[in-house]
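Trainee: with the sequence up front, the predicted model follows.
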Number of protein chains: 2
Amino acid sequence: MEIEEGLLSPDASTADIAARAGDLHVADIVEILNTRPLAERIQIVSGMSVERAAATLDQAGIDAPGALIAGLAPALAANIFRGVSVDRAAEIFRQLREPDRARMLGALDADSRAGIARVLAYAANTAGSIMTTEFVSVPSTYTVAQTIDHIRKVERTRETVYAIYVIDPADGALAQSISLRRLITGEPAAPVLSVAYPRAPITVAPETDREDVARLISKYDLLAIPVVDDRKRVIGIVTVDDVIDAIVAETTEDVQKFGGVEALNAPYMTIGFGQMIYKRAGWLCALFLSEMLTASAMQYFEGELEKAVVLTLFIPLIMSSGGNSGSQATSLLIRAIALGEVRLRDWWKVALREVPTGLTLGAILGVIGIIRITIWQKAGIYDYGEHWPLIALTVGAALVGIVTFGSFSGSMLPFALKRLGFDPASASAPFVATLVDVTGLVIYFTIALAILHGTLL
Amino acid sequence: MEIEEGLLSPDASTADIAARAGDLHVADIVEILNTRPLAERIQIVSGMSVERAAATLDQAGIDAPGALIAGLAPALAANIFRGVSVDRAAEIFRQLREPDRARMLGALDADSRAGIARVLAYAANTAGSIMTTEFVSVPSTYTVAQTIDHIRKVERTRETVYAIYVIDPADGALAQSISLRRLITGEPAAPVLSVAYPRAPITVAPETDREDVARLISKYDLLAIPVVDDRKRVIGIVTVDDVIDAIVAETTEDVQKFGGVEALNAPYMTIGFGQMIYKRAGWLCALFLSEMLTASAMQYFEGELEKAVVLTLFIPLIMSSGGNSGSQATSLLIRAIALGEVRLRDWWKVALREVPTGLTLGAILGVIGIIRITIWQKAGIYDYGEHWPLIALTVGAALVGIVTFGSFSGSMLPFALKRLGFDPASASAPFVATLVDVTGLVIYFTIALAILHGTLL
């Protein structure tokens, strides 16, 4: 199963790899290529057969295929590009610049050119941008046998033949989608529609977000979903393996965004140093500037701080607890919204769950905090002064308030983002922590003022 | 495409829904059922035809199918259970208790019983535990026509017929896997192996983790992958739709863990209050106890704090920056490791990237911090005292140190977890923040002592 270690080693010669390309699975060729610098990748692909090279570039996993194509000898590049499927060709085309774009388009026949143009017309991450125009369709006047014959003929040039789209010849609209498994069980002389389920086919529009396409394919266990225009004509299909790639890419983006990084859109090890700084510095600076409000809040309570330095000891502890409970609530709601378990209009139901949850969690931490202060005081580890019971009470009460605020605001943030038209998954743990930090300080000092007024403050 | 809103409304009667079940897509029935309390779900399923009810329970998306089956009239439950595919039956069986288990097993034929027993024998989240034993296999002595005939006969009882496993009749081992699309293009009288690619089939062991199964299916664009025993006999297959469900479940777990919550393993809205507290309180308390070290650290520097209260103003700002940069690095490395872009032995390459990245990011924040203090001082917004340039320098230097430490430790944490045999995705943003908070305080005060010694301290 595994690729021989020799070929993955940096010592393997590019000629050796090219020579072995005929025997290896294309996905393994891609894995080997991705470990090599661009110049060597170009050498290896140049040494492969055109058919093999096209199959390699057809893989979604290959890094920077545009640079690879642009680096090949022009005639070879054109030959290879011609063998790549339309959806992949469009993606590679996006990475090319002029004059490479014009050269590659010139190499294609009119049909492929039109297909690429259609895919390129749609915004990134939509069904239109990841669809392929190479699917099987037959008129509804065909019989089962005619349809199977047609599939035999076109099999080599279609991304999938397991879903067959039956078209109404009168208006070109999609009548039904049928599966190959049902087709081969049909009577050869029967009309092709005889094997269809009597139910409207599931379709998406070219503007549908790839996440929603993935949800439909997964919900209905489909192998492909047709993309139709407003007159119900099939303009392409999205297949299940495109969707898996899309889900994996979305997951990576979501985890990176939740960690407070702009989506890298490239493997960690290959991204340049400048790019890496760029993707991280933006959010980090924005958070830093917001967090400066904590310094302002503390300056505001400066008088209290000087009178009771003992209060500062618990600032990191209390603030981090608010951030942690907020981060928990945000991660739960991001997924609940993404999975469709919770809708935008359910926000108040969530709030009704999160407030008691926050109160309970805050009370648990508050009790632990009070016990900690009592033990330290009684055991003589640290002296919090004569008013230590009031200080313990302040810390306990502040924890209840801050953890409740953290759970509440952490859970509401994804809803707020969604309401404003952003991706709920843009809510990041650092963002929630910053939001809670500033408010948390104000809660802490307000409670301290109320409890310690007349004694310490 | 959408379900009529009426059926999704809580006012729709259970009888109405059951009556409409014949027309709806099973995935839509599941969506409606999931909005109802258990008692109503039982009523609805009882009102459906046995075939329809079995198809409904066959869907991966249905909530708590075990409780549903257990709540039905015994004879009906047995009839429905018989119609569920083996992999789903095994999963439902896991949720049942005695005497329901014995009753359900009694309803099955010997083959299905053996199939369920085989699936149940494997640990959760392995290929064995999510495989189905309902696949198509033919001996290698078959012709193309014989194979197609066989598929026509068994199509209704197999989860997929798009991958066909060709078995060596001598030892029962897997000889090749072929696709239905290749099969229908073959010469009817030719041996079935004539349409196979001359390459060893891709297989997994029953113990293979479902994440690795997903990676292989996605890498090789497969519709199913065979699970083979140590004698290369096929004991089951994992299909692409099981894998999508597995990827989605893993994503949810990963995001929840990164947010610092134990994986819920249930939809947000249906989980009980006690369970919700339980899943969140554990981590929250553990983090709280660790974060108490910040109070100890601050007690240790108490003398410095009393001499220079101005230092406390920047504690939240500096600490949160360390936590944020750590959270960024952790999220990047969790995904890089999950996608196989970085291996365990590459940890030092990552460290060599993260340290300069952290220094640069820290320097950017440090400069912003110094500018902030200078402006506030010069504009008279706040008076940091006569030594304000030294305080600004302390804050700037501390930011460089803490952001570097955050990037470094945040990036190393997933490696450390992997090395210790844990899931790298167990590294959570709150955990990294806590780790960095305690060290960050020590870094801050050490730098303050060095710079301010003889002036403020």
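Mentor: Good, I have the coordinates. Numbering: from 1, shown residues only, chains lettered A, B, ... in the order given.

Trainee: okay, CA-based contacts and neighbour counts for the rest of this
Mentor: Noted.

Trainee: count of residues packed around A:Arg372?
Mentor: Using other C-alpha atoms under 10 Å in any protein chain shown, the number of residues around A:Arg372 comes to 14.

Trainee: next one, pLDDT for it please.
Mentor: Listed pLDDT for A:Arg372 reads 92.

Trainee: so what's the most centrally placed residue in chain A up against?
Mentor: By C-alpha atoms, centre = their mean, chain A has its centre lying nearest to A:Glu250, at 1.4 Å. Each residue near A:Glu250 by C-alpha atoms under 8 Å, 6 or more residues apart in numbering or on different chains is listed here: A:Glu211.

Trainee: now it. Its backbone dihedrals?
Mentor: Dihedral angles of A:Glu250 (phi, psi; degrees, to the nearest 10) stand at phi -60, psi -40.

Trainee: what does A:Ala170 give?
Mentor: Torsion angles, degrees, to the nearest 10, at A:Ala170: phi -70, psi -50.

Trainee: shaky segments in the stretch 201-350 of chain A?
Mentor: For the stretch 201-350 of chain A, no stretch is flagged by pLDDT under 70.

Trainee: for it, just list every one of the strands.
Mentor: A:224-228, A:234-239 (DSSP state E, counting those that start in this stretch).

Trainee: got CSV for those strands, with distance to chain B and mean neighbour count too?
Mentor: Converted to CSV, the strands of the stretch 201-350 of chain A look like this (distance: least, C-alpha to the nearest C-alpha, whole Å; neighbours: other C-alpha atoms under 10 Å in any protein chain shown):
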stretch, distance to chain B, mean neighbour count
strand A:224-228, 12, 25
strand A:234-239, 10, 24
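
Trainee: in a markdown table: those, plus distance to B:Glu291.
Mentor: As requested, those are exported to a markdown table (distance: least, C-alpha to C-alpha, whole Å):
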| stretch | distance to B:Glu291 |
| --- | --- |
| strand A:224-228 | 50 |
| strand A:234-239 | 48 |
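
Trainee: off-centre distance for stretch A:369-382?
Mentor: Centre-to-centre, stretch A:369-382 and its host chain are 47 Å apart (C-alpha atoms, centre = their mean, to the nearest Å).

Trainee: and stretch A:171-188, by the same measure?
Mentor: Distance, stretch centre to chain centre, for stretch A:171-188: 34 Å (C-alpha atoms, centre = their mean).

Trainee: give me the buried positions along it.
Mentor: A:173-186 (16 or more other C-alpha atoms under 10 Å in any protein chain shown).

Trainee: in strands, which of those appear?
Mentor: Of the buried residues of stretch A:171-188, the ones assigned to strands by DSSP state E are A:Leu174, A:Ala175, A:Gln176, A:Ser177, A:Ile178, A:Ser179.

Trainee: I'd like to know how far the fourth one sits from chain B.
Mentor: Applying C-alpha to the nearest C-alpha, to the nearest Å, the value for A:Ser177 to chain B is 14 Å.

Trainee: can you pull the domain assignment for chain A?
Mentor: As assigned by automatic domain parsing, chain A contains the domains A:5-121, A:136-248, A:273-452.

Trainee: wait, does the first one make contact with chain B?
Mentor: Yes. In this structure, domain A:5-121 sits against chain B according to C-alpha under 8 Å from any C-alpha of the partner chain; the contacting residues are A:Asp23, A:Ala27, A:Gly61.

Trainee: by neighbours, which of those wins?
Mentor: That'd be A:Ala27 among the residues of domain A:5-121 next to chain B, by other C-alpha under 10 Å, with 21 neighbours.

Trainee: residues contacting it?
Mentor: A:Thr56, A:Gln59, A:Gly61, B:Lys219, B:Tyr220.

Trainee: could I have the buried ones of those residues as PyMOL selection syntax?
Mentor: A single PyMOL command selects the buried members of these (16+ other C-alpha under 10 Å):
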select buried, (chain A and resi 56+59+61) or (chain B and resi 219+220)
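
Trainee: out of the contacts of A:Ala27, which sit inside helices?
Mentor: When the contacts of A:Ala27 are checked against helices (DSSP state H), the matches are A:Thr56, B:Lys219.

Trainee: and of the contacts of A:Ala27, the nearest to A:Ala196?
Mentor: B:Tyr220 (29.7 Å; C-alpha to C-alpha).

Trainee: against A:Val243, how distant is the closest residue to that closest one other than its chain neighbours?
Mentor: Of all residues not flanking B:Tyr220 in the chain, A:Ala27 sits nearest, at 5.8 Å (C-alpha to C-alpha, 6 or more residues apart in numbering or on different chains). Distance check for A:Ala27 against A:Val243: by C-alpha to C-alpha, to the nearest Å, it reads 17 Å.

Trainee: just to revisit the earlier point, so which of the domains of chain A is the most surrounded?
Mentor: Highest mean neighbour count of the domains of chain A: domain A:273-452, a mean of 20 (counted as mean count of other C-alpha atoms under 10 Å in any protein chain shown).

Trainee: give me the distance between the two termini of that domain.
Mentor: By C-alpha to C-alpha, one end of domain A:273-452 lies 51 Å from the other end.

Trainee: closest to chain B out of the ones in strands among the buried residues of stretch A:171-188?
Mentor: When these are ranked by distance to chain B (C-alpha to the nearest C-alpha), A:Ser179 comes first, at 10.3 Å.
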